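Asker: Below is the sequence, then the predicted model.
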Amino acid sequence: MPVRPALAAALGAAALLCAAAVPAGADPAETVTVDPTGSIAADGTVTLSGTYRCLSGTGPVLVSSSVSQSDPRVKHGIGGSAARCDGAEHRWQNSGKVSLETLKAGAAHVQATLLEMRPAGIALMPVFHAIDDLDIALVNR
């Protein structure tokens, strides 16, 4: 697996495993949003999108996303994309393939996370910049 998709997958998994809210010290100017509509293709590819804004990062910053449908405890990671932390608002879009038995067109819940993997000694420490949760509609494409 190439390094960039592996890093995106690892950061997405870290975001899914961490149930913490955005730290109290997070800058309110840093945001991530989810668009109210996502898509699901005939092959099970889910595409989610939205916007983000971050000010700076000392490590790689990614926008990760997950979706759940019938059981809110079961979240499916839908990719991760690199974020540019320059203070401007940017668009993000993540895609990932799931089983068609798992997700279908209709109501769904999405969580998007703006996550930095900050160097901390010889390890990387996940630092949350922003999180958004939104009920959306998954539509067939």
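Answerer: Thanks, I have the structure now. Because the structure is predicted, anything quoted here is derived from the model rather than measured.
Asker: Please count neighbours and contacts with C-alpha atoms only from this point.
Answerer: Will do.
Asker: what about stretch 50-64, start to end distance?
Answerer: 11 Å (C-alpha to C-alpha, to the nearest Å).
Asker: Check stretch 81-101 too.
Answerer: End-to-end distance (C-alpha to C-alpha), stretch 81-101: 26 Å.
Asker: Show me which residues of that stretch are buried.
Answerer: In terms of neighbour count (16 or more other C-alpha atoms under 10 Å), stretch 81-101 has its buried residues at 81-85, 89, 92-98.
Asker: so residue 68 makes contact with residue 77?
Answerer: No: counting by C-alpha atoms under 8 Å, residue 68 stays clear of residue 77, with 9.1 Å between them.
Asker: So these two - more neighbours on which side?
Answerer: Taking other C-alpha atoms under 10 Å, residue 68 and residue 77 do not tie; residue 77 has more neighbours (25 against 19).
Asker: Now do residue 24, the pLDDT please.
Answerer: Here the pLDDT value assigned to residue 24 is 47.
Asker: before we move on, the earlier item: counting only strands, which of the buried residues of stretch 81-101 make the cut?
Answerer: 81-82, 92-97 (DSSP state E).
Asker: between those residues, which is nearest residue 105?
Answerer: residue 97 (13.9 Å; C-alpha to C-alpha).
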